[in-house]
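> Compute the structure for the input listed below.
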Amino acid sequence: MDLDLAPDPLLVVPGPSQIPPRVMKALMRVVDHRSPHFHRLYRDVVDGLKYVFRTNGDVYPITASGTGAVETMVLNFVKSGDTVLVPVFGSFSRRLVNHLRRVGAEVVEIDYGWDRAPTYEDLRARVESMGIKQIDVFATVYNDTSPGLVFRDLPKVAKWVKSYGALVLVDNVSALGGDYFEVDSWGIDVAVSSSQKCLAAPPVMSFIAVSSSEAYRKAESVNHPSIYFDIKLMRKFGEKFETPFTPAVNYLFAIREALV
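Numbers count the residues shown, from 1 in each chain. Model (predicted):
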């Protein structure tokens, strides 16, 4: 059957998820991304995302998939040579390891297979038995959709790894808005997500939340080659309610509608 003539499919995958008609209708709007109209749109989207991330920190929209947001997080907050602790319990946590190794991080993998999520007690016991004395960054997926596992002990683990002085970086692409998640109260420094999962908005947009001054200080010391994914530029332009480069403006209208 010609897909152009087929009825609209019912999407029952983790993402892209089914999009309400009112959200699709919002895609029909476009404004100049350096205009007061866009400034208002940007503020509305960021305010809505702060509520969903449960943070008083900063949130920046990125015209990229969730993988682009993860890459933004890794490029800006991980140095070559950093010791990064990562629990691996599915294909997306495995992909996170690959991101980290590409920037030269010394990754310590704690492998849980595909049948169980990490727990605080087990993860701590394994790290201590390995004699690890330094953790610069703790990076994890919160909800790995490949095996369908959620890292419920993340708040306890985040508090523990802070005793090493570690930054806590979290890929929550698939669960933001659909499961309990608190950036500030859980002690998460940086978290990312995207539009097409629980928020039920069209794919193309992702988001990065930065909640701590420690994260920004780390970003100032990290040199990476990307201009497009530079958090320092995002912060500079975000102060005037803009993005550094032309965003998918109509998709931001859809996301604002989805956040209502």
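> Residue 167 contacts residue 219, correct?
No - using Cβ atoms under 8 Å, residue 167 makes no contact with residue 219, being 9.9 Å away. For the C-beta atoms, the positions are set from N, CA and C on the backbone; glycine is no exception.
> what do these two both touch?
Taking Cβ atoms under 8 Å, 6 or more residues apart in numbering as the contact rule, residue 167 and residue 219 both touch residue 77.
> what are the ranges of the strands in this structure?
58-63, 83-88, 106-111, 137-141, 143-144, 149-150, 167-171, 190-194, 205-210 (DSSP state E).
> so the first one versus strand 205-210, what angle?
To tie it back to what came earlier, the one meant is strand 58-63. Counting by axes from the mean of the first three to the mean of the last three Cα atoms, to 10 degrees, strand 58-63 lies at 160 degrees to strand 205-210.
> How about residue 105: what's its closest non-neighbour residue?
Excluding the flanking residues, the one nearest residue 105 by Cβ to Cβ, 6 or more residues apart in numbering is residue 84, at 4.5 Å.
> Kindly tell me how buried the residue lying closest to residue 119 once chain neighbours are set aside is, as a neighbour count.
Of all residues beyond its chain neighbours, the one nearest residue 119 is residue 153 (5.1 Å), with distances taken as Cβ to Cβ, 6+ apart. Around residue 153 there are 18 other residues, counting by other Cβ atoms under 10 Å.
> contacting residues for residue 153?
Applying Cβ under 8 Å, 6+ apart to residue 153 gives the contacts 117-120, 123.
> likewise residue 241?
Residue 241 is in contact with 38-40, 42-43, 46, counting by Cβ under 8 Å, 6+ apart.
> What separation do you get for the spatially most central residue of the chain and residue 37?
Residue closest to the average C-alpha location in the chain (Cα atoms, centre = their mean): residue 192, at 1.0 Å. Distance of residue 192 to residue 37, computed by Cβ to Cβ, to the nearest Å: 27 Å.
> So for residue 167 and residue 219, which sits in the more crowded spot?
Applying other Cβ under 10 Å to residue 167 and residue 219 shows that residue 167 carries more neighbours, namely 24 against 19.
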